[in-house]
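In: A predicted structure for the sequence below; I have some questions about it.
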Amino acid sequence: MIYPTARAVGLAAAGIPVAMAVALVAPQDWLIGPTWVLTVFALALIDAGVSPRRRRVRMTLTVPSALPSNAKDGEAVVDIAFERGAPGTVQVSVEANDRLLVDPQRAHGKTHDGGARLRFHLTPVRRGRGLIPRVWARWRGPLGLTWKQLSDPTDREVALTLDIRGVKDEAVRLFSRNTLTGARMQRDLGGGSEFHALRDFQTGMDRRTIDWKRSARHGALLAKEFRAERNHTVMLVLDTGRLMCEPIAGAPRIDHALNAALLLAFVSLKAGDRVGLFAFDAKPRVAAAALSGTHAFAHLQQLTSQIDYSPEETNFTLGLTQLNASLRRRSLLVVFTDFADATSAELMLENVGRLLSQHLVLFVVMRDEELEALERHPPETPEDVSRAAVAAALAQARDIVIERVRRLGAHVVEAPVANLGPELLSRYLELKRRDLL
């Protein structure tokens, strides 16, 4: 695109009063006005002709593949190179969707050696997918009469993830207290079914662990030592429907669930298990097969940016049925969800029964402390009594659903938001020690 600068418009406009004055004083010289405008137009054409052509300009955008949702140091770099005749300065603008703030909106840079590098600060607004569909650049001709504008469709995506620095710190702190590997392996010995080593039989040990053949060969009682099994499949199942997107403790429930899920994923991968991810609302949104190794954590982190905030009701029948069909071996299904009432949870309970026939299911539910505070608040007005009665009814309905889930045979973690991750991790380690996987 080529269009006139403010200088060209000003020069053309400056000829109007001159033309009017000439028309009043010497009407026979009225052509001076149009000649002035045509001269400015001709100079603008010459300016555009000698300015660098757009097809001989290359732009390169460099952005991070992922940014934490509270990042302050994200940066986008635009490199622009002119084959020849580079202008003195260039202006660049980066277009982004509503998940990213770009500062400055327009950057000015001087060219050096036929090119320029301009930097932009990227600030995530919230978790999700940050899109940068295109980059704009423009420069003036040598006479400063025309702009040449270039639009480069980049279609770049930045995964706006949760801040995992706190997740990793918390995981390391809790994992060091319940270590599954290394020098403190002894804590998990004897609690699993995977053979670890032979040791001398000591008084008080279970006699069923004695290896009679090797004891006879060595002439001393030897006992088998076991440890918690590894290479289990842990599926993180996230309900992303309307209820899970409502705020609690200053953030949507789904964000709290993702924090706890990433904490569990980090520890599970460290422990040698395989971790996958499945998210659904009215229909499945994200489905990732279980992966092993600590390198898989970065992949899981990237996947969380694809989980959006949904206004739709959760379809447990479709979501859990498709999840069950995709699993080929017994797995630990960690389901992050919320219950509104017994009626809305009825379909969920029917499908949970099918999952329990083959898998171990662990439900993770956040305690609604605001609801509990309303229930406990001393009534001072009739409105307080009404609120307390409604809160008590809702809390009772939640308790009924949770109790029904337990009776089906599923495990339940119900904890305040602040303790959700540690409580979940503690239950996971307990299930491993009890060899329930």
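Out: Cool, the structure landed. Numbering: from 1, shown residues only.
In: so who does the closest residue to residue 114 other than its chain neighbours touch?
Out: If the residues on either side of it in the chain are set aside, residue 114 comes closest to residue 86, at 4.7 Å by Cβ to Cβ, 6 or more residues apart in numbering. C-beta coordinates here come from the backbone N, C-alpha and C atoms, glycine included. Neighbour list for residue 86: 52, 111, 114-115 [criterion: Cβ atoms under 8 Å, 6 or more residues apart in numbering].
In: where does pLDDT dip in the chain?
Out: 23, 29-30, 164-197, 204, 206, 225-230, 340-344 (pLDDT under 70).
In: and the next element down the chain from the longest helix along it?
Out: Counting by DSSP state H, the longest helix found in the chain is helix 382-408. Next along the chain after helix 382-408, taking DSSP states H and E as the criterion, comes strand 411-415.
In: which residues sit against that following strand?
Out: So strand 411-415 is in contact with 360-367, 402, 405-406, 420, 423-424, 427, 431, going by Cβ under 8 Å, 6+ apart.
In: next, the angle from whichever helix or strand comes after it to strand 411-415.
Out: Sequence-wise, the next helix or strand downstream of strand 411-415 (DSSP H and E) is helix 420-433. Counting by axes from the mean of the first three to the mean of the last three Cα atoms, to 10 degrees, helix 420-433 lies at 150 degrees to strand 411-415.
In: what are the buried residues along helix 420-433?
Out: Buried residues in helix 420-433, counted by 16 or more other Cβ atoms under 10 Å: 420-429, 431-433.
In: spell out which strands sit alongside the helix or strand hosting residue 92 in the sheet and which way each one runs.
Out: Using DSSP H and E, residue 92 falls within strand 89-95. Paired with strand 89-95 in the same sheet, following DSSP bridges, are strand 107-110 (antiparallel), strand 128-140 (antiparallel).
In: so which bits of the shortest one are buried?
Out: Burial within strand 107-110, assessed by neighbour count using 16+ other Cβ under 10 Å, is assigned to 107, 109.
In: repeat for stretch 42-56
Out: So, applying 16+ other Cβ under 10 Å, buried residues of stretch 42-56: 43-44, 47-48, 51-52, 54.
In: which residues does the residue nearest to residue 307 when sequence neighbours are not counted bridge with?
Out: Nearest non-adjacent residue to residue 307, counting by Cβ to Cβ, 6+ apart: residue 279, 4.9 Å away. Applying DSSP bridges to residue 279 gives these bridge partners: residue 238, residue 286.
In: and residue 279, how far is that from residue 330?
Out: Look at residue 279 and residue 330: by Cβ to Cβ, to the nearest Å, they are 21 Å apart.
In: can you give me the helices for this structure?
Out: 6-25, 32-50, 164-177, 212-218, 253-270, 296-304, 316-326, 346-356, 369-376, 382-408, 420-433.
In: nearest to residue 158 among these would be which one?
Out: Among the helices of the chain, helix 296-304 comes nearest to residue 158, with 10.5 Å by Cβ to Cβ.
In: just checking, what packs against that closest one?
Out: Packing partners of helix 296-304 (3 or more Cβ pairs under 8 Å, 6 or more residues apart in numbering; DSSP states H and E): strand 146-161, helix 253-270, strand 274-280, strand 284-291.
In: can you tell me which of the ones you listed is nearest to residue 311?
Out: Between the helices and strands packed on helix 296-304, helix 253-270 lies closest to residue 311; by Cβ to Cβ that is 12.4 Å.
In: and the closest one with strand 411-415, angle?
Out: Angle, helix 253-270 to strand 411-415, by the same axes, to 10 degrees: 120 degrees.
In: mind checking how far helix 253-270 is from the chain centre?
Out: Counting by Cα atoms, centre = their mean, to the nearest Å, helix 253-270 is centred 12 Å from the centre of its parent chain.
In: with stretch 143-159 instead?
Out: Centroid separation between stretch 143-159 and its chain, computed with Cα atoms, centre = their mean, is 28 Å.
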